[in-house]
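In: What follows is a predicted protein model with its sequence.
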Amino acid sequence: MKIQKKKDLLIEPLVVLNIGLESFAKDLEQQGVKVLHIDWSPPAGGDPELVNLLSKLGS
Amino acid sequence: MELIEVANKEALKRMLSADLILVDVVPAKEVIPGLDKMVVLHAGPPIEWPQMCGPMRGAVTGIAVFEGWAENLASAETMAALNSFKFFPNHHFNAVGPMTGMTTCSQPVMIIENRTFGNKAFCTINEGLGKVMRFGGNDEEVINKLHWLKEVFGPALGAAIREIGGISLKNIVARGLTMGDEMHQRNVACSGLILRTLAPALARTMVDKEQLSECLSFIGGNDQFFLNIAMAIGKAIMDPVKNIKGCSIVTAMCRNGTDFGIRISATGDEWFTAPVEMPEGLYFPGFSEADANPDMGDSTIIETIGLGGFAMGASPAVAGFVGAGVASEASAFTRKMSEITVGENPEWTIPSMDYKGVPSGIDIRLILETGLAPTINTGIAHKEPGVGQVGAGVVKAPMVCFEKALRALARSLGVI
């Protein structure tokens, strides 16, 4: 069963969920791949000091 | 952190329980203590003459001529450079002002009372469209308009408001939202509603019919007449939210053309500033981004209470006007702003979004968590003094302001 699904993945048209860097989604779109882009970035832009504060202040 | 959650609930409760009445229009010096001769209140966080941008300087020199402190614009500029004027933010005096935000002693100001908490907020009267001081205009035409506001329109407006015992404002905003206003770049519905309320009283209280006609035409011909009222509403709502221990809600956002400044509840009157950004938008014919001044004005108090860019979903026409995309994308702006706010306003709803309440109570923790900066609808001023508005657009509040505020919040709670 699992093997069958993997085969489908390679045969059927690819649908991509892209999280984060929008340029990845755009590159795929230019090649005709269907992409759903999720606008996401790490909390506080990934700044460790601010991430630590956010965890302490409990957002 | 439990303390912050409780504090933020209290902040939202205070915001939503505000009862807002336009009670009067009087000369600013009568209601703003300390607003003496040579004192100039400006938009945004504190700034001095050397750091001021072109339109702000243009407005300062113009207002000095209007007040009779300087003979002409050139002498006003010399006086400013010699520190003859004292500059303070409007926010330090319970006031707000659009764009350059000039408030001085003899200008008429509208008084908005928050009857739930007993505080008052002040704002000058919107000058209308075209060449105006809020965009840095300062020629004879601009100054003559200010004299007409001071000598004719302000007293007439005050008398009419007193005659009807004040105007309740929350309902007007609620109806405006259902009629396509977001109260920052579109106020055509609320301006019409206020005219409908005021016209009979103006007719009863004004003797001179020609002046009555001028006053009615002035309100009717100014789609942004309600903007300054909406701003004072924002100030009157947010001032009682200040100084709640541990509260991470934004109580003010404003810009002076050089810096963007915010305040949060927990840290009271402390400003957290960063260089202001350039709006992205559409320009009037003959102008381009090369002509634009960085963002300016206290009008971001409107976004602070969930209107303006936060209520874009109510105002698809504005999305096109400010170059923010097609009308169908307007609701996406509102949905995004819901991610950085702690609640909704059940009295101010957006029909096209299934009566969703406008996103209210901006939490700096959510801004930093999501990376979503508050979206602000704004007018764009020419960078040179005296030219005026050249476009309208959208601008983001700089993240650095919120990062500084988060550190201050942590310090206030002994976390760092």
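Out: Perfect, thanks for sending it.
In: so where's the chain shaky on pLDDT?
Out: Because you didn't say which chain, this covers chain A. By pLDDT under 70, the weakly predicted segments of chain A are A:1-7, A:59.
In: Point to the residue nearest the middle of it.
Out: The centroid of chain A falls nearest to A:Ile19 when counting by C-alpha atoms, centre = their mean (2.1 Å).
In: Correct me if wrong: that residue contacts A:Ser41.
Out: No: the criterion here is C-beta atoms under 8 Å, and A:Ile19 misses it with A:Ser41 at 9.8 Å. Every C-beta, even on glycine, is put in place using the N, C-alpha and C of the backbone.
In: list the contacts for the residue nearest to the centre of chain A?
Out: By C-beta atoms under 8 Å, 6 or more residues apart in numbering or on different chains, the contact list for A:Ile19 reads A:38, A:40.
In: now it: how far from chain B?
Out: 13 Å (C-beta to the nearest C-beta, to the nearest Å).
In: Near chain A, which residues of the stretch 151-300 of chain B are found?
Out: Counting by C-beta under 8 Å from any C-beta of the partner chain, the residues of the stretch 151-300 of chain B close to chain A are B:Ser248.
In: how many other residues sit next to the residue of the stretch 151-300 of chain B found nearest chain A?
Out: Closest approach between the stretch 151-300 of chain B and chain A, counting by C-beta to the nearest C-beta: B:Ser248, at 7.2 Å. For B:Ser248, the neighbour count with other C-beta atoms under 10 Å in any protein chain shown is 32.
In: ok, now B:Gly180?
Out: For B:Gly180, the neighbour count with other C-beta under 10 Å is 16.
In: do A:Val33 as well
Out: A:Val33 has 14 neighbours, counted by other C-beta under 10 Å.
In: That one reaches A:Leu14, doesn't it?
Out: Yes: with contact defined as C-beta under 8 Å, A:Val33 reaches A:Leu14; the gap is 5.4 Å.
In: Next, the buried residues of stretch B:149-168.
Out: Neighbour-count burial for stretch B:149-168 flags B:149-150, B:152-161, B:166-167 (criterion: 16 or more other C-beta atoms under 10 Å in any protein chain shown).
In: quick one: terminal-to-terminal distance for it?
Out: End-to-end span of stretch B:149-168 (C-alpha to C-alpha, to the nearest Å): 23 Å.
In: Show the model's pLDDT score for B:Val241.
Out: Note on B:Val241: pLDDT of 98.
In: Show me the helices in chain A, by range?
Out: Along chain A, counting by DSSP state H, helices occupy A:2-11, A:22-30, A:48-57.
In: Which of the ones you listed sits closest to chain B?
Out: Closest of the helices of chain A to chain B is helix A:48-57, at 5.1 Å (criterion: C-beta to the nearest C-beta).
In: what helices or strands is the closest one leaning on?
Out: helix B:364-370, helix B:399-412 (3 or more C-beta pairs under 8 Å, 6 or more residues apart in numbering or on different chains; DSSP states H and E).
In: So for chain B, the centremost residue is which one?
Out: With distances taken as C-alpha atoms, centre = their mean, B:Ser299 lies nearest the centre of chain B, 2.3 Å away.
In: A:Asn18: what's it in contact with?
Out: Contact criterion C-beta under 8 Å, 6+ apart gives A:24-25, A:28, A:35-38 as the residues in contact with A:Asn18.
In: Same question for B:Gly154.
Out: B:25-27, B:107-108, B:125.
In: Turn those into a markdown table, including secondary structure.
Out: Formatted as a markdown table, the contacts of B:Gly154 follow (DSSP: H, G, I helix; E, B strand; the rest coil):
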| residue | secondary structure |
| --- | --- |
| B:Val25 | strand |
| B:Val26 | strand |
| B:Pro27 | strand |
| B:Gln107 | coil |
| B:Pro108 | strand |
| B:Ile125 | coil |
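In: how about the residues you listed in TSV, adding pLDDT, neighbour count and distance to B:His92?
Out: TSV is the format used below for the contacts of B:Gly154 (pLDDT from 0 to 100; neighbours: other C-beta atoms under 10 Å in any protein chain shown; distance: C-beta to C-beta, whole Å):
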residue	pLDDT	neighbour count	distance to B:His92
B:Val25	98	23	22
B:Val26	98	17	19
B:Pro27	98	18	19
B:Gln107	98	24	17
B:Pro108	98	22	20
B:Ile125	98	22	21
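In: What's the separation between the closest residue in space to B:Trp348 that isn't next to it in sequence and B:Ala174?
Out: Nearest-residue entry for B:Trp348: B:Val358, 4.8 Å, with adjacent residues in sequence omitted and distances by C-beta to C-beta, 6 or more residues apart in numbering or on different chains. Distance, B:Val358 to B:Ala174, using C-beta to C-beta, to the nearest Å: 10 Å.
In: between the two, which one's more packed in?
Out: Between B:Val358 and B:Ala174, counted using other C-beta under 10 Å, B:Val358 has the larger neighbour count: 31 against 15.
In: Now name the helix or strand holding the more buried one.
Out: Assigned by DSSP states H and E, B:Val358 falls within strand B:356-362.
In: neighbouring strands for that strand, and are they parallel or not?
Out: strand B:341-350 (antiparallel) (DSSP bridges).
In: what does the partner strand contact?
Out: For strand B:341-350, contacts defined as C-beta under 8 Å, 6+ apart pick out B:8-9, B:11-12, B:15-16, B:170, B:173-174, B:177-178, B:249, B:306-307, B:310-311, B:313-314, B:331, B:334, B:338, B:355-363, B:366.
In: Skipping its backbone neighbours, what lies nearest B:Asp36 in space?
Out: Nearest non-adjacent residue to B:Asp36 (C-beta to C-beta, 6+ apart): B:Cys105, at 6.5 Å.
In: a strand runs through the one you found, doesn't it?
Out: No: under three-state DSSP, B:Cys105 sits outside any strand and is assigned coil.
In: Pull the distance from the helix or strand hosting B:Ile21 to the chain's centre.
Out: Taking DSSP H and E as the definition, one finds B:Ile21 inside strand B:20-27. Computed by C-alpha atoms, centre = their mean, to the nearest Å, the separation of strand B:20-27 from the middle of its chain amounts to 16 Å.
In: picking up where we left off before, if I pick the residue nearest to the centre of chain B, what's in contact with it?
Out: Applying C-beta under 8 Å, 6+ apart to B:Ser299 gives the contacts B:96, B:98-99, B:184, B:227, B:231, B:308, B:378.
In: Let's see which of those residues end up in strands.
Out: B:96, B:378 (DSSP state E).
In: TSV please, covering the contacts of B:Ser299 and showing neighbour count and pLDDT.
Out: Output for the contacts of B:Ser299, formatted as TSV (neighbours: other C-beta atoms under 10 Å in any protein chain shown; pLDDT from 0 to 100):
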residue	neighbour count	pLDDT
B:Val96	34	98
B:Pro98	29	97
B:Met99	29	96
B:His184	32	96
B:Leu227	25	98
B:Met231	32	98
B:Gly308	31	97
B:Thr378	27	92
